[in-house]
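Asker: let's see this in three dimensions:
(one chain, ligands or ions: 1)
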Amino acid sequence: MATVAELPGTSFAPMTARPFRVVRRRRETSDTWTLELEPVAGPPLDVGPGQFTMLYAFGIGEVPISVSGEAGGPLIHTVRAVGAVSRAICAARPGTVLGVRGPFGNTWPVAAASGSDVVIVAGGIGLAPLRPAVYHLLAHRESYGEVAVLYGSRTPRDLLYTRELERWRGRFDLQVDVTVDRALEGWRGKVGVVPKLIAGARFDADAAVALVCGPEIMMRFAGEALLEHGVPAKRIHVSMERDMKCGLGYCGHCQLGTTLICRDGPVYRWDEIRPLMEVREL
Ligand SMILES: Cc1cc2nc3c(=O)[nH]c(=O)nc-3n(C[C@H](O)[C@H](O)[C@H](O)COP(=O)(O)OP(=O)(O)OC[C@H]3O[C@@H](n4cnc5c(N)ncnc54)[C@H](O)[C@@H]3O)c2cc1C
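Answerer: Okay, here's the model as predicted:
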């Protein structure tokens with residue numbers, strides 16, 4: 001009798017972590033680090049904007065982390081240390097080997113948004129999964145109308161990619177607006193929640209595509225604000241987070257109603273996901 005591995009179309013590979021070495025590590029904020037990883041052997045990963053990998057700190061555990069680098073470039077992840085596994089990943093110095101499975105999940109609809117205005121709304125660490133989408137839009141700038149990046153964090157100290165934000169701000173073909181919930185001494189920028197920035201952005205609401213990522217409460221308010229502004233529900237996309245284990249739709253950990261976030265998401269249309277947003281964990 002054939003073993004499972006020998007059955008046509010069956011492979012254990014998606015469940016096997018590939019070793020990747022940390023080649024660079026950069027501190028973004030007091031609790032957040034960006035790691036650049038290269039495969040110890042074999043080809044690089046082919047990753048689309050919005051996808052994630054399962055990142056394994058050997059002997060500690062494995063967690064889903066979005067790709068925050070450019071498609072076609074090195075594998076880059078930005079990780080906030082919130083628990084045992086994410087702390088171990090953030091502490092991985094250059095030379096450390098981590099396990100990587102994936103990439104998993106769908107992508108931001110950047111190709112389908114071609115010809116439209118694009119509004120990106122990010123809260124906190126939510127800018128990490130959206131950064132590859134921004135890179136895509138900038139690399140194909142002539143294919144899009146207005147592009148706005150609206151970003152909010154708790155305090156100025158929690159802002160990610162500050163140097164890059166400054167560079168983006170210096171461009172004439174990109175609107176960048178930043179706000180913080182709470183100002184600290186020396187902050188001269190905006191104070192308030194990120195959905196408030198939507199009204200000040202320049203875009204054609206009827207025909208724009210919105211990409212939203214951040215804490216769920218922020219996504220709810222941002223979604224409502226975009227709707228009020230006239231963006232159709234079908235053109236608003238959010239990236240969902242739930243506990244995940246396999247990343248492949250087998251284990252059911254990330255089930256939300258009738259959907260499995262690792263398999264069908266993490267990116268969903270607002271009209272599909274809004275009714276399920278109240279569900280915490282099944
Ligand atoms: C598709 C997907 C993509 C993700 N992308 C990223 C990413 O790019 N960068 C990143 O840093 N994280 C990302 N996350 C979240 C990340 O997977 C979790 O932070 C991680 O699983 C926490 O595991 P842990 O063992 O370190 O902490 P745990 O022991 O699981 O949690 C420790 C404490 O932190 C809380 N906690 C757990 N997750 C979060 C969270 N997301 N925010 C705030 N508090 C939390 C828990 O409730 C608990 O109190 C993503 C999650 C998903 C599903």
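Asker: which parts of this structure sit against the ligand?
Answerer: When proximity is defined as Cβ under 6 Å from any ligand atom, the chain approaches the ligand at 52, 61, 63-66, 78-80, 82-86, 125, 128-129, 241-242, 244, 266. Heads up, the C-betas are built off the backbone N, CA and C, glycines and all.
Asker: hmm, who's touching stretch 73-83?
Answerer: 20, 23, 28, 31-38, 44-45, 47, 53, 55, 65-70, 86-87, 89-91, 100, 125, 128, 131, 160 (Cβ atoms under 8 Å, 6 or more residues apart in numbering).
Asker: state which one residue of this structure is found closest to the ligand.
Answerer: Shortest the chain-to-the ligand distance, computed as Cβ to the nearest ligand atom: residue-wise this is G83, at 1.9 Å.
Asker: what's the neighbour count on that residue?
Answerer: Around G83 there are 11 other residues, counting by other Cβ atoms under 10 Å.
Asker: again, but for the one 4 residues further on
Answerer: Other residues near R87 come to 15 when the count uses other Cβ under 10 Å.
Asker: cool, W108 as well?
Answerer: Residue neighbour count, defined by other Cβ under 10 Å, stands at 27 for W108.
Asker: pull out the buried members of the residues of the chain next to the ligand.
Answerer: Members of the residues of the chain next to the ligand that pass the buried threshold by neighbour count (16 or more other Cβ atoms under 10 Å) are listed as 52, 63-66, 78-80, 85-86, 125, 128-129, 241-242, 244, 266.
Asker: quick check: closest non-adjacent residue to L260.
Answerer: Distance criterion Cβ to Cβ, 6 or more residues apart in numbering; nearest residue to L260, sequence neighbours excluded, is G249 at 4.7 Å.
Asker: so is that neighbour in a helix, a strand, or just coil?
Answerer: What DSSP: H, G, I helix; E, B strand; the rest coil gives for G249 is coil.
Asker: give me phi/psi at it?
Answerer: With angles defined as degrees, to the nearest 10, G249 sits at phi 80, psi 10.
Asker: cool, A122 as well?
Answerer: Taking degrees, to the nearest 10, you get phi -130, psi 140 for the backbone angles of A122.
Asker: swap in G83?
Answerer: Backbone torsions for G83, taken as degrees, to the nearest 10, come to phi -160, psi -170.
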